[in-house]
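*Asks:* I'll drop the sequence and a predicted model, then ask my questions.
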Amino acid sequence: MSEVKISAEPRTEFGKGGARRTRRAGKVPAVLYGHGEKPKHIALPAREFAAAIRHGGANQLFTIEITDGTQALALPKAIQRDPIKDTFEHVDLLLVRRGEMVTVDVPVNLVGEAARDTLVVHESDTLSVNADATKLPESLEASIEGLEAGSQVTAADVTLPAGVELAADPGTIIALISAATVVEEATEAPEEEATEGEAAEAAEAAAETAQA
């Protein structure tokens with residue numbers, strides 16, 4: 001995954017009020033921490049940050065150039081979003097170094113097609129792995145090609161790029177293959193309408209019964 005350079009400025013206002021003013025100014029409140037350093041509060045340009053996350057995902061690596069003259073290499077550790085506005089409320093950024101191994105959750109895509117008349121249930125959308133902070137995979141792949149009902153795909157079956165190690169339990173279930181259930185709708189035969197003759201006979205029978 002390529003690095004994205006992004007500018008930032010120190011943030012001097014804190015609390016909910018300060019965060020709201022930062023967001024109204026078109027910026028995302030963020031904090032940089034890690035490696036035993038004192039947390040640094042910064043503001044990121046909202047549009048540039050959103051574009052980077054859309055392109056590179058939640059594990060996008062950032063080179064952050066702060067207006068106080070400092071620079072930092074960081075990964076998003078926690079991203080808070082507004083579910084209604086679909087905007088970023090706050091970001092925690094973890095400081096990393098080149099060559100440093102970090103643990104991240106990477107999306108897992110299922111590839112191929114399972115056997116006919118089966119249903120594929122994606123149990124886990126991400127997988128925890130260890131990788132170089134500057135060489136994080138954007139996604140991983142697990143094959144379901146030809147798998148029959150009753151099969152399962154585990155973390156151990158996921159293809160890992162060179163230099164990437166599994167951090168999750170190898171037995172973690174990624175996908176389950178089950179038999180597809182076909183529900184047949186019961187159809188009732190339409191009732192036949194009585195003919196005029198049958199209707200007349202029924203009427204006569206009812207009259208005779210009444211006279212008796």
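*Replies:* Right, received. Where do you want to start?
*Asks:* now do the contacts for the residue nearest to the spatial centre of the chain.
*Replies:* Most central residue of the chain, judged by C-alpha distance to the mean C-alpha position with Cα atoms, centre = their mean, is Asp125 at 6.2 Å. With contacts defined as Cβ atoms under 8 Å, 6 or more residues apart in numbering, the neighbours of Asp125 are 107-108. For the C-beta atoms, the positions are set from N, CA and C on the backbone; glycine is no exception.
*Asks:* Thr22 - that's part of a strand, no?
*Replies:* No - when classified by DSSP: H, G, I helix; E, B strand; the rest coil, Thr22 is found to be helix rather than part of a strand.
*Asks:* burial measure for it, as a count.
*Replies:* The number of residues packed near Thr22 is 23, by other Cβ atoms under 10 Å.
*Asks:* how is this protein partitioned into domains?
*Replies:* As given by automatic domain parsing, the domain ranges for the chain are 4-96, 102-179.
*Asks:* just put those in JSON lines and tack on mean pLDDT.
*Replies:* Written out in JSON lines, the entries for the domains of the chain read as follows (pLDDT from 0 to 100):
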{"stretch": "domain 4-96", "mean pLDDT": "93"}
{"stretch": "domain 102-179", "mean pLDDT": "96"}
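*Asks:* which helix or which strand is home to His55?
*Replies:* Per DSSP states H and E, His55 falls inside helix 46-56.
*Asks:* any residues touching that helix, and which ones?
*Replies:* Outside of helix 46-56, the residues that reach it under the criterion Cβ under 8 Å, 6+ apart are 1-2, 4, 6-7, 23, 26-28, 60, 62, 76, 79, 87-88, 91, 138.
*Asks:* the protein: strands as residue ranges?
*Replies:* Listed in chain order, the strands of the chain (DSSP state E) span 4-10, 27-34, 37-45, 62-66, 71-82, 87-95, 101-111, 118-122, 126-132, 140-143, 152-154, 165-166, 173-179.
*Asks:* out of the ones you listed, nearest to Gly18?
*Replies:* Ranking these by proximity to Gly18 (Cβ to Cβ) places strand 27-34 first, at 7.6 Å.
*Asks:* quick one: the closest one to strand 87-95, angle?
*Replies:* Angle of strand 27-34 versus strand 87-95, following axes from the mean of the first three to the mean of the last three Cα atoms, to 10 degrees, is 20 degrees.
*Asks:* how far away from the center of its chain is strand 27-34?
*Replies:* Taking the mean of its C-alpha atoms, strand 27-34 sits 23 Å from the chain's own mean (Cα atoms, centre = their mean, to the nearest Å).
*Asks:* picking up where we left off before, for the residue nearest to the centre of the chain, give its distance to Thr172.
*Replies:* Distance of Asp125 to Thr172, given as Cβ to Cβ, to the nearest Å: 12 Å.
*Asks:* same thing with Ser151?
*Replies:* Taking Cβ to Cβ, one finds Ser151 at 16 Å from Thr172.
*Asks:* export stretch 125-135 as PDB, just CAs?
*Replies:* Presented in PDB, the C-alpha positions along stretch 125-135 are these (Å, rounded to 0.1, in the frame of the first residue of the first chain):
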ATOM      1  CA  ASP A 125     -14.800 -10.100   6.800                       C
ATOM      2  CA  THR A 126     -11.400  -9.300   8.100                       C
ATOM      3  CA  LEU A 127      -8.300 -11.200   9.300                       C
ATOM      4  CA  SER A 128      -5.700 -10.100  11.800                       C
ATOM      5  CA  VAL A 129      -2.100 -10.200  10.400                       C
ATOM      6  CA  ASN A 130       1.400  -9.000  11.300                       C
ATOM      7  CA  ALA A 131       3.100  -7.000   8.500                       C
ATOM      8  CA  ASP A 132       5.600  -4.300   7.900                       C
ATOM      9  CA  ALA A 133       3.900  -1.000   8.600                       C
ATOM     10  CA  THR A 134       5.000   0.300   5.100                       C
ATOM     11  CA  LYS A 135       3.900  -2.900   3.300                       C
END
